[in-house]
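Novice: missing the sequence, but the structure's below:
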């Protein structure tokens, strides 16, 4: 049986949102730092572009995606605050250990440990937010939460760029990893799990039931396809962009970090907030209108992404990068808020984990590896500029994502109504079960009397 504690006031919900956002930023720090220090790691450990792509891609993504499933299963029935605290402590310690690696294999194994920890961040957090914020509030709340990702670009690129230039890549990982241990303690002792009693096993749907229901949801399938493909291009680009500015413009990591923080980071923060706020204000409860707006943003992002590699001069390239990131970031709040409304309440963490499984195996797993391999393969023709053309080849893919999300806007209303009907049936069953238990307890007390 599930009982829900009385919801705290707005002040606590603001604190919850802020802390989860900061934890999400910490979750992304190491991926941002890895992109900045790739050239330093390559020189120190004598690695190829393909090895670097594997290190930051498939090796990390496989464990990140697969571990998300059991952790999300735990989150849909257990204490989500404990999950977030434990996994935050794990990934923070492992990020710091990256600085001790002396070879490719050792760094690879430590990155696997980072991936296992980071898998426990996003699914339980989205599930918590869906419990604390009503449907009309969710786009804005999720938009603020996902600001953690561009905030990691602001601080991660700036800090990693200058730390690497001044102290080296090893010290960079140690300094970025250790503060996460304090965040883990803060989450454990200050956040509250709104479930008064943990869900008993029979109440939580089996994984096969969750998958059948989600796969039968046309809108969910289209949104999953859109995000998986867009993540392939996005992670492939973000992993290699710092190296692109090093090779094509001869910039040092300190300057690159500053430029990335000012363009991609700040524009991403603004885009996340603006997308969620506008959706909650002008299209609250109208997911179809929200998805049509997201479709236009994905198309705009694709065009601006191509411009990064076609303009002359690093200043113009960073301007295009900032605008492209702003457009893409504005999709986060409405997109994930729609996912949480689109699925029954007992499947919220699992739905995010399934999305993470596909998007990370396809996106984070194959995107950086594909760019690295394409750069190596075309080096004989383009020389030092091979990375520029490898990245340019990814840009048109965002137009396919635009089409998928536009098609999803026509089915989302029907699918949300179906999900709400399932949630209502589950609530009725739980209330009936609770009433039967209460009646049985009363009968037992009368018998004893």
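Specialist: Perfect, I can see it now. Keep in mind that this is a model prediction, so the values were computed, not measured.
Novice: next one: the residue positioned nearest the centre of the chain from residue 129, what distance?
Specialist: The chain has residue 122 as the residue nearest its centroid, 6.2 Å off, counting by C-alpha atoms, centre = their mean. In this view, residue 122 and residue 129 are 11 Å apart by C-beta to C-beta, to the nearest Å. From N, CA and C alone the C-beta is placed, and that goes for glycine too.
Novice: ditto for residue 256
Specialist: Distance of residue 256 to residue 129, computed by C-beta to C-beta: 33 Å.
Novice: before we move on, what about residue 160?
Specialist: Distance from residue 160 to residue 129, by C-beta to C-beta: 28 Å.
Novice: same question for residue 123.
Specialist: Applying C-beta to C-beta to residue 123 and residue 129 gives a distance of 11 Å.
Novice: with neighbour numbers in mind, choose between these two.
Specialist: Neighbours were counted for residue 123 and for residue 129 using other C-beta atoms under 10 Å; residue 123 has more, 29 against 23.
Novice: the more buried one contacts residue 347, doesn't it?
Specialist: No - taking C-beta atoms under 8 Å as the definition, residue 123 is not a contact partner of residue 347, at 10.8 Å.
Novice: quick check: phi and psi on residue 410?
Specialist: Backbone torsions of residue 410, given as degrees, to the nearest 10, read phi -90, psi -10.
Novice: who's in contact with it?
Specialist: Residues near residue 410 by C-beta atoms under 8 Å, 6 or more residues apart in numbering: residue 288.
Novice: host element of residue 288?
Specialist: Using DSSP states H and E, residue 288 sits within helix 287-310.
Novice: for residue 146, phi and psi?
Specialist: Torsion angles, degrees, to the nearest 10, at residue 146: phi -70, psi 0.
Novice: brain fart, residue 285
Specialist: Dihedral pair for residue 285: phi 80, psi 0, per degrees, to the nearest 10.
Novice: on that earlier part again, need the contact list for the residue nearest to the centre of the chain.
Specialist: Going by C-beta under 8 Å, 6+ apart, residue 122 touches 24, 27, 68, 352, 356.
Novice: just give the nearest non-adjacent residue to the fourth one, would you?
Specialist: Leaving out its chain neighbours, the residue that sits closest to residue 352 by C-beta to C-beta, 6 or more residues apart in numbering is residue 123, at 4.3 Å.
Novice: what comes up buried for the helix holding residue 288?
Specialist: Neighbour counts over helix 287-310 (16 or more other C-beta atoms under 10 Å) mark 287-295, 297-309 as buried.
Novice: show me the shaky parts of the protein.
Specialist: Scanning the chain for pLDDT under 70 picks out 1-8, 56-57, 195-205, 364-365, 422-449.
Novice: look up how far residue 245 lies from the closest residue to residue 319 other than its chain neighbours.
Specialist: Spatial nearest neighbour of residue 319, excluding adjacent residues (C-beta to C-beta, 6+ apart): residue 263 at 7.0 Å. Here residue 263 is placed at a distance of 11 Å from residue 245 (C-beta to C-beta).
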